[in-house]
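K.L.:
Quick one, what's the 3D model for this:
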Amino acid sequence: MITISPVTHDLGAFKVRRALPSRQRTMVGPFIFVDQFGPAQLDLGSGMDVRPHPHINLATVTWLFEGAIDHRDSLGSFATIRPGQVNLMTAGRGIVHSERSPQAERDSGPKLYGMQTWLALPEAREEMDPAFEAVKDLPVVEDCGATATVIMGNLWGQRAPTTVYAETIYAEILLAAGGSLPIDADADERAVMLVGGEASVDGQPLVLYELTVLEPGVGMKLASQSGGRVILLGGEAIATKRHVWWNFVSSSRDRINQAKQDWNEGNFPKVPGDEKEWIPIPEKPNTVSYP
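P.N.:
A predicted model of the protein is given here:
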């Protein structure tokens with residue numbers, strides 16, 4: 001097993017912990033970006049405000065444990081993300097979106113606690129039409145003091161209705177004191193992250209917020225003595241090279257350079273209802289290549 005300690009970014013009101021990409025590992029299955037944020041209780045009247053920004057050649061997945069986020073994008077989509085609902089935004093050839101705390105949350109003091117992940121699209125689908133879906137009716141598996149919500153893919157005999165572009169597994173697992181759940185060996189690549197409480201994999205304790213990449217091809221058992229919350233993610237190994245530059249992911253450096261130019265020149269579509277602000281390209285964006 002490989003253990004990855006996330007890089008923590010303190011944003012003042014809350015912390016964001018980035019586990020992927022890292023020096024030890026750039027991807028787990030199609031997951032090329034894994035952020036965990038919170039838990040945090042923000043001040044009255046404040047909130048999260050992620051201004052409109054672009055993506056290409058990837059899909060973003062937002063999953064909340066607590067709180068709410070208003071999503072708007074350049075397709076005209078609007079959805080308030082809440083716990084139990086997965087938001088999948090497929091950038092394809094290009095999309096712009098914003099994420100902000102709803103006004104009702106600001107009035108009561110917003111809570112923020114959840115996951116933001118990116119999935120690399122298969123090379124043949126990188127330039128597909130952009131799309132958005134919000135899925136609420138997700139299968140729940142209960143066994144031996146464990147309750148698991150299947151967010152994406154096929155796990156424990158249940159398949160989530162969420163669209164997948166490559167074989168993908170993604171689940172939130174709540175373990176009661178003394179609870180346990182098997183982790184099947186079917187996926188090419190798998191990883192777990194303890195996001196609350198206490199848990200272990202095959203007797204090895206998990207460290208809070210660290211991403212533990214599991215040995216491939218081996219069935220394992222997730223367990224907790226006192227109760228915990230764990231994220232399981234992974235899926236089909238992506239063999240072709242990917243580059244990450246700021247918010248852009250692509251198998252082609254030329255395509256990323258075109259996206260830079262398009263954003264700087266205002267050629268991406270606008271976000272209806274959130275057109276007055278945008279995020280400029282930073283001077284020193286994150287850059288990663290895989291493999």
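K.L.:
On the strand side of things, show who the residue most central in space within the chain bridges to.
P.N.:
In the chain, the centroid-proximal residue (Cα atoms, centre = their mean) is T117; its distance is 1.8 Å. Going by DSSP bridges, T117 is paired in beta bridges with V34, V61.
K.L.:
ok, E198 touching A223?
P.N.:
No - checked against Cβ atoms under 8 Å, the pair E198 and A223 is beyond contact range at 9.8 Å. Where C-beta positions appear, they are placed from N, C-alpha and C, glycine not excepted.
K.L.:
Can you mark which positions in stretch 89-98 are buried?
P.N.:
Across stretch 89-98, burial judged by 16 or more other Cβ atoms under 10 Å covers M89, T90, A91, G92, G94, I95, V96, H97, S98.
K.L.:
Which pair of those residues spans the longest distance?
P.N.:
Spatial extent of the buried residues of stretch 89-98 (Cβ to Cβ) is set by the pair G92 and S98 at 18.2 Å.
K.L.:
ok so, going back, E198 and A223: which is more packed in?
P.N.:
Taking neighbours as other Cβ atoms under 10 Å, E198 and A223 compare with A223 leading, 21 against 18.
K.L.:
Output stretch 37-54 in CSV with nothing but the alpha carbons.
P.N.:
Taking C-alpha atoms only, stretch 37-54 is exported to CSV below (Å, rounded to 0.1, in the frame of the first residue of the first chain):
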residue,chain,number,x,y,z
PHE,A,37,-12.4,20.3,2.3
GLY,A,38,-13.7,21.0,5.8
PRO,A,39,-15.3,20.3,8.1
ALA,A,40,-15.8,24.0,8.7
GLN,A,41,-18.4,26.4,10.2
LEU,A,42,-18.2,29.7,8.4
ASP,A,43,-19.2,33.1,9.9
LEU,A,44,-22.7,34.5,9.5
GLY,A,45,-23.0,36.4,6.2
SER,A,46,-19.9,34.8,4.7
GLY,A,47,-19.6,31.9,2.3
MET,A,48,-17.7,30.1,-0.4
ASP,A,49,-17.3,32.1,-3.6
VAL,A,50,-15.5,30.3,-6.4
ARG,A,51,-15.9,32.7,-9.4
PRO,A,52,-16.5,31.4,-12.9
HIS,A,53,-13.5,29.4,-14.3
PRO,A,54,-13.0,27.0,-17.2
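K.L.:
re earlier: now the buried residues of stretch 89-98 in TSV, with secondary structure?
P.N.:
Formatted as TSV, the buried residues of stretch 89-98 follow (DSSP: H, G, I helix; E, B strand; the rest coil):
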residue	secondary structure
M89	strand
T90	strand
A91	coil
G92	coil
G94	coil
I95	strand
V96	strand
H97	strand
S98	strand
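K.L.:
With distance to L211 and pLDDT as extra columns, can I get these in a markdown table?
P.N.:
Formatted as a markdown table, these follow (distance: Cβ to Cβ, whole Å; pLDDT from 0 to 100):
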| residue | distance to L211 | pLDDT |
| --- | --- | --- |
| M89 | 22 | 98 |
| T90 | 24 | 98 |
| A91 | 23 | 98 |
| G92 | 27 | 98 |
| G94 | 29 | 98 |
| I95 | 27 | 98 |
| V96 | 29 | 98 |
| H97 | 25 | 98 |
| S98 | 27 | 97 |
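K.L.:
what's the spacing between the residue nearest to the centre of the chain and V201?
P.N.:
Relative to V201, T117 is positioned 20 Å away (Cβ to Cβ, to the nearest Å).
K.L.:
Can you give me every residue that contacts K270?
P.N.:
K270 is in contact with P52, S74, V96, counting by Cβ atoms under 8 Å, 6 or more residues apart in numbering.
K.L.:
Which single one of these is nearest to L112?
P.N.:
L112 lies nearest to P52 out of those, by Cβ to Cβ, at 19.4 Å.
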